[in-house]
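In: I would like the atomic coordinates for the input below:
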Amino acid sequence: MGWGDCGTDSKGRPIGYLFEATCDYPGCGKKIDRGLSYACGNMHGETTYGCEQYFCREHLKLRSEDEYYNEDGTPLGDELINICPTCSLEFDLDRQTEGFLTEQQYHEREGQIITYKDVGDLYDLI
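Out: Predicted coordinates:
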């Protein structure tokens, strides 16, 4: 058995790239299939980052754990995943709850980003 016919999901829908479908994003009617290319979380079924739904390219976001940093500034990881907007929010919340920092947060903490307020303060000194 290949990836063309992978059985059914928990909603009873056939899954695999042989099955035509529409994007699961509310109000979107774009034609897709239920193959891995359109699966939230890069795999059929519920995954660590996925929700068992299928989305068009417009409604999948390519995310990576290297968007987050450990306290020492090293990237958290390098796994690339396609996830829907809802799972993307959960991805961010999980990382922040676990204490990891976004790149901007890391650089701000290290004083490496000059904010507009800082630029204004510099002009006051001139």
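
In: rest of the way, CA atoms for contacts and neighbours
Out: Will do.

In: From the contact counts, what lies against the biggest strand by length in the chain?
Out: Determined from DSSP state E, the single longest strand within the chain is strand 16-22. On a contact count with 3 or more C-alpha pairs under 8 Å, 6 or more residues apart in numbering; DSSP states H and E, strand 16-22 meets strand 31-34.

In: tell me the average confidence for the strand it packs on?
Out: For strand 31-34, the mean per-residue pLDDT is 97.

In: cool, and stretch 9-21?
Out: Mean predicted confidence for stretch 9-21 is 94.

In: What are the buried residues along it?
Out: Under the neighbour-count criterion of 16 or more other C-alpha atoms under 10 Å, stretch 9-21 has Pro14, Ile15, Gly16, Tyr17, Ala21 buried.

In: which other residues reach it?
Out: Under the contact criterion C-alpha atoms under 8 Å, 6 or more residues apart in numbering, stretch 9-21 has outside partners 3-8, 31-36, 44-45, 52.

In: Can you give me the first-to-last residue distance of that stretch?
Out: 13 Å (C-alpha to C-alpha, to the nearest Å).

In: can you give me how far that stretch is from the chain middle?
Out: Taking C-alpha atoms, centre = their mean, to the nearest Å, one finds stretch 9-21 lying 22 Å from the centre of the chain it belongs to.

In: That concludes my questions; thank you for your assistance.
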